[in-house]
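*Asks:* Structure of the sequence below:
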Amino acid sequence: MNERETLIKEWYNGYIFGDAEVYNPWSAVRFIKDLVVDKSIFPSSYWANTSSNSIVKSLIEKADTKTKQEIELLIEGKTIEKIVHEDIIYDEIYDSMDNLWNFISYNDGITGAEL
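*Replies:* Take a look at the predicted model:
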């Protein structure tokens, strides 16, 4: 695991309690478990499947008019095409409005193909 330490820190840290930097325990353990099976595996956003919809809510609240119109199309049962980036890390969530689609696909069970 030593050769993956920097990668693990980049992907799964982000919590600070007092002076202690704490990792996302669910994701770190899941990634290490997957590494035992496949040493070449790349990190994944395991935490996305365990979070509440608060990230989605905050991204929708910040959405521009075009994004809100696209959400309305989905609610109406229509489809839109979006690229879903499964390699997003926690610190990048609010960097782009396009990141909303990553969390809708995870939280609502919609696959990238269905978006």
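
*Asks:* quick one, longest helix in the chain?
*Replies:* Identified as the longest helix of the chain according to DSSP state H is helix 25-37.

*Asks:* wait, what's in contact with the residue lying closest to K62 once chain neighbours are set aside?
*Replies:* Of all residues not flanking K62 in the chain, M97 sits nearest, at 7.2 Å (C-beta to C-beta, 6 or more residues apart in numbering). Every residue, glycine included, has its C-beta placed from N, CA and C. Contact analysis of M97 by C-beta atoms under 8 Å, 6 or more residues apart in numbering lists L59, K62, A63, D64, T67.

*Asks:* packing partners for the longest helix of the chain?
*Replies:* Applying 3 or more C-beta pairs under 8 Å, 6 or more residues apart in numbering; DSSP states H and E, one finds that helix 25-37 contacts helix 5-12.

*Asks:* ok so, going back, quick one, grab the pLDDT at the residue nearest to K62.
*Replies:* The pLDDT attached to M97 in the predicted structure is 83.

*Asks:* circling back to that earlier point, what comes up buried for whichever helix or strand comes after the longest helix of the chain?
*Replies:* Remark: after helix 25-37, the chain's next helix or strand is helix 54-61, criterion DSSP states H and E. Neighbour counts over helix 54-61 (16 or more other C-beta atoms under 10 Å) mark I55, V56, L59, I60 as buried.

*Asks:* Can you point out the buried residues in the helix or strand following helix 54-61?
*Replies:* Using DSSP H and E, the helix or strand that directly follows helix 54-61 along the chain is helix 65-75. Of the residues in helix 65-75, T67, E70, I71, L74 count as buried by neighbour count, 16+ other C-beta under 10 Å.

*Asks:* where's helix 65-75 relative to the chain centroid, distance-wise?
*Replies:* With C-alpha atoms, centre = their mean, to the nearest Å as the basis, helix 65-75 stands 20 Å off its chain's centre.
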